[in-house]
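Peer 1: sequence and predicted structure, then a few things I'm wondering about:
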2 protein chains.
Amino acid sequence: MEQQKEIDFYLSVFKDLGIADADRLIPFVKPRKIDAGEIYIQEGATGKKLAYISRGLIRTYLLKANGDEITLMLRWEGQFIASVDSVLFNRASRFFYQALEDTEIIEVDYDKIQPVVNNSPLLSLSRNDFLLNMLAEAMERIETFVLLSPEERYVKLLEEKPDILNRVPGKYLSTMLGITPVSLSRIRSRIASAGKL
Amino acid sequence: MEQQKEIDFYLSVFKDLGIADADRLIPFVKPRKIDAGEIYIQEGATGKKLAYISRGLIRTYLLKANGDEITLMLRWEGQFIASVDSVLFNRASRFFYQALEDTEIIEVDYDKIQPVVNNSPLLSLSRNDFLLNMLAEAMERIETFVLLSPEERYVKLLEEKPDILNRVPGKYLSTMLGITPVSLSRIRSRIASAGKL
DNA sequence: ATCGTTAATTATCTTTTGTTAATATTTTCA
DNA sequence: TGAAAATATTAACAAAAGATAATTAACGAT
């Protein structure tokens, strides 16, 4: 029962891997729980954390000079999450990573697995895929900003990730859409009243 | 004289490469000129073009259903440009790539160099760096949308790329900032009058 | 269940943007 | 150079967003 999540993880990572690669990776893997509200990675952290989320949801945000929090991304069960700044760009994280629900992850320290990854063509390819996925997501996101109005961005989110919408407080969603919570509220009521016509 | 551009190119690509790698790549490299206004890559194109821009400027844009053009990115001399959809995601390009000035590039077909790249650890690393750079740029761009107002985005562009601003018609810049040309014009006049106080 | 906190909605007002159209300015090139 | 075309600016109005504050709703802890 409990094992299912780990199985999912191993399936997702190792599906195309040889046993040799998998074996070399496993010693560095450790499961971990994060309570709802708890911060998983602090701003300024340099640890190269890389994790598979088996349950729950994590929000990446940054703190503006005036104290406002701006949500940059959301990740949930079945997805990978990485401290982008430290793992990818080798610098202290500008972001916080906070669990919005009780969350279970399976994490590795990228510093430790890097040699293994570098020496395995298959793992290197996986890393490449990971990068490509992130890039694809980022570019898609940029398109929503240049192509869509705030309302259209919200509708798109509503259509594509209705479940996520219910799990994340609107104040976090709004800043991710580039608008204020008040404005999101108005958009919602606008949509609701339009539906009634 | 004319050679300088090619030299710049080889320096930028091969600075860390062994001679063997460089030698294997050179046969696939071909210079090409694109007239101002000419479209370099058409929407729907599947050719995996990858090019170093030695002179000029290229605009990536897409055509909305209503016929509007939305500028997605600009690239100029000293930078690489790739048909993102075809090279990275292996699908037909949703974008047009148009030279805004008389442009000179040095291009390769990624299909042809891929085996070479795959067999060279150094070239593979370069590819990785390229991806990381694209990702970094994309993420920075996303941040400008969630953190800054349209006016602030314009000011940022003005401060960081003043030269580019003078080389690209405002109507193209505006859609890249997620606003209309009219709105950009107002922002400009607002800034101008604010400076006069 | 209730109090206290946090989040969401609503209201009011100001500012900005979108839209469309008219006008002015630049660019292009014949 | 001068006319035509392409860009940019300005105007006028409607629609949307930001800011702030007040009100309502939802949530959590005891």
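Peer 2: Looks like it arrived, so ask away.
Peer 1: now find how far off-centre the one helix or strand residue A:156 maps to is within its chain.
Peer 2: Counting by DSSP states H and E, the element that carries residue A:156 is helix A:150-160. For helix A:150-160, the gap between its own C-alpha mean and the chain's C-alpha mean amounts to 19 Å (Cα atoms, centre = their mean, to the nearest Å).
Peer 1: is any part of it close to chain B?
Peer 2: No. Helix A:150-160 is not in contact with chain B by Cβ under 8 Å from any Cβ of the partner chain; minimum separation 10.0 Å. (C-beta placed from N, C-alpha, C; glycine too.)
Peer 1: wait, what's in contact with residue A:168?
Peer 2: By Cβ atoms under 8 Å, 6 or more residues apart in numbering or on different chains, residue A:168 lies in contact with A:57, A:59, A:74, A:100.
Peer 1: again but with residue A:123, I slipped
Peer 2: Here residue A:123 is in contact with A:17, A:21, A:25, A:116, A:117 (Cβ under 8 Å, 6+ apart).
Peer 1: what's the answer for residue A:177, then?
Peer 2: Residue A:177 touches A:150, A:153, A:154, A:157, A:184, B:146, counting by Cβ under 8 Å, 6+ apart.
Peer 1: top of those by number of neighbours, please.
Peer 2: Ranked by neighbour count under the definition other Cβ atoms under 10 Å in any protein chain shown, the contacts of residue A:177 are headed by residue A:154 with 23 neighbours.
Peer 1: residue A:27: what's it in contact with?
Peer 2: When contacts are counted by Cβ under 8 Å, 6+ apart, residue A:27 touches no other residue.
Peer 1: try it again at 10 Å.
Peer 2: Contact criterion Cβ atoms under 10 Å, 6 or more residues apart in numbering or on different chains gives A:108, A:112, A:113, A:116 as the residues in contact with residue A:27.
Peer 1: who in chain A is up against DNA strand C?
Peer 2: Selection of chain A residues close to DNA strand C by Cβ under 7 Å from any atom of the strand yields A:149, A:169, A:170, A:171, A:181, A:182, A:184, A:185, A:186, A:188, A:189.
Peer 1: look up how far chain B lies from the fifth one.
Peer 2: The one in question is residue A:181. 14 Å (Cβ to the nearest Cβ, to the nearest Å).
Peer 1: give the burial count for that residue, as a bare number.
Peer 2: Residues within reach of residue A:181, counting by other Cβ under 10 Å, total 14.
Peer 1: check the second one too.
Peer 2: When counting by other Cβ under 10 Å, one arrives at 11 neighbours for residue A:169.
Peer 1: what's the local residue count around residue A:160?
Peer 2: Other residues lying near residue A:160 total 9 when counted by other Cβ under 10 Å.
Peer 1: quick one: it and chain B, what's the gap?
Peer 2: Using Cβ to the nearest Cβ, one obtains 17 Å as the distance from residue A:160 to chain B.
Peer 1: so which strand or helix has the residue sitting nearest the centre point of chain A?
Peer 2: For chain A, residue A:75 is the residue whose C-alpha lies nearest the centre (Cα atoms, centre = their mean; 2.9 Å). Following DSSP H and E, one finds residue A:75 within strand A:69-76.
Peer 1: now that strand: mean pLDDT?
Peer 2: Across strand A:69-76, pLDDT averages out at 97.
Peer 1: quick one: strands adjacent to that strand?
Peer 2: Here the strand partners of strand A:69-76, with direction, are listed using DSSP bridges: strand A:57-63 (antiparallel).
Peer 1: any buried residues in the strand it pairs with, and which?
Peer 2: Applying a neighbour-count criterion of 16 or more other Cβ atoms under 10 Å in any protein chain shown, one finds A:57, A:58, A:59, A:60, A:61, A:62 buried in strand A:57-63.
Peer 1: ok, the closest residue to chain B within chain A - contacts?
Peer 2: Using Cβ to the nearest Cβ, the single residue of chain A nearest to chain B is residue A:138, 3.7 Å away. Taking Cβ under 10 Å, 6+ apart as the definition of contact, the neighbours of residue A:138 are A:73, B:134, B:135, B:136, B:137, B:138, B:139, B:140, B:141, B:142.
Peer 1: got a PyMOL select line for the buried ones in those?
Peer 2: The PyMOL command for the buried members of the contacts of residue A:138 (criterion: 16+ other Cβ under 10 Å) is given here:
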select buried, (chain A and resi 73) or (chain B and resi 134+135+136+138+139+141+142)
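Peer 1: any chance you could map the helices in chain A?
Peer 2: Using DSSP state H, the helices of chain A run over A:3-14, A:19-25, A:89, A:110-119, A:121-147, A:150-160, A:162-167, A:170-176, A:181-195.
Peer 1: just the buried residues of the last one, please?
Peer 2: This means helix A:181-195. By neighbour count with 16+ other Cβ under 10 Å, helix A:181-195 contains the buried residues A:184, A:187.
Peer 1: list the contacts of it.
Peer 2: Residues external to helix A:181-195 that are found in contact with it (Cβ under 10 Å, 6+ apart): A:149-155, A:158, A:169-177, A:179-180.
Peer 1: rerun that using 6 Å as the cut-off
Peer 2: With Cβ atoms under 6 Å, 6 or more residues apart in numbering or on different chains as the test, helix A:181-195 has contacts from A:151, A:154, A:170, A:171, A:174.
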